[in-house]
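Trainee: here is my input; please provide its structure:
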Amino acid sequence: MGRGRQKAKATKQARDMKYFSPSTDYSALQRELTGPGSRASRHDDPVEPDYSAYEDKYADQFDDEEDDGGTRRIG
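Mentor: All right, here's what the predicted structure looks like:
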């Protein structure tokens, strides 16, 4: 005996957890996501390396291979 009371209590607890909606502190969430010492408003784009020197250096070497008329088989 007592299973009905136990089941009712478990159902009530599950319902309370399902519909519980605490107030959200968005500033605390932002601090947690950004981490210590960083700013959320700071977005620095990474610097693109300059590959122009390499393109000029190896351009002649690879131009000849592209003009071979498709004799290379793949597969």
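
Trainee: which residue ranges form the strands in the chain?
Mentor: Along the chain, counting by DSSP state E, no stretch forms strands.

Trainee: low-confidence stretches in it?
Mentor: Counting by pLDDT under 70, the chain shows low-confidence ranges at 1, 37-44, 55-73, 75.

Trainee: can you point me to the longest helix in it?
Mentor: As far as residue count goes, and with DSSP state H defining each element, the longest helix of the chain is helix 3-19.

Trainee: buried ones in that one, by neighbour count?
Mentor: Neighbour-count burial for helix 3-19, counted by 16 or more other CB atoms under 10 Å, picks out no residue. C-beta coordinates here come from the backbone N, C-alpha and C atoms, glycine included.

Trainee: export it as PDB, just CAs?
Mentor: As requested, the backbone C-alpha atoms of helix 3-19 are provided in PDB (Å, rounded to 0.1, in the frame of the first residue of the first chain):
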ATOM      1  CA  ARG A   3       1.900   3.300  -4.000                       C
ATOM      2  CA  GLY A   4      -0.800   5.800  -5.000                       C
ATOM      3  CA  ARG A   5       0.500   8.500  -2.600                       C
ATOM      4  CA  GLN A   6       4.100   7.900  -3.700                       C
ATOM      5  CA  LYS A   7       3.100   8.200  -7.400                       C
ATOM      6  CA  ALA A   8       1.100  11.300  -6.800                       C
ATOM      7  CA  LYS A   9       4.000  12.900  -5.000                       C
ATOM      8  CA  ALA A  10       6.400  12.000  -7.900                       C
ATOM      9  CA  THR A  11       3.900  13.400 -10.400                       C
ATOM     10  CA  LYS A  12       3.600  16.600  -8.500                       C
ATOM     11  CA  GLN A  13       7.300  17.000  -8.300                       C
ATOM     12  CA  ALA A  14       7.700  16.300 -12.000                       C
ATOM     13  CA  ARG A  15       5.000  18.900 -12.900                       C
ATOM     14  CA  ASP A  16       6.700  21.500 -10.600                       C
ATOM     15  CA  MET A  17      10.000  20.900 -12.300                       C
ATOM     16  CA  LYS A  18       8.500  21.000 -15.800                       C
ATOM     17  CA  TYR A  19       6.700  24.300 -15.400                       C
END
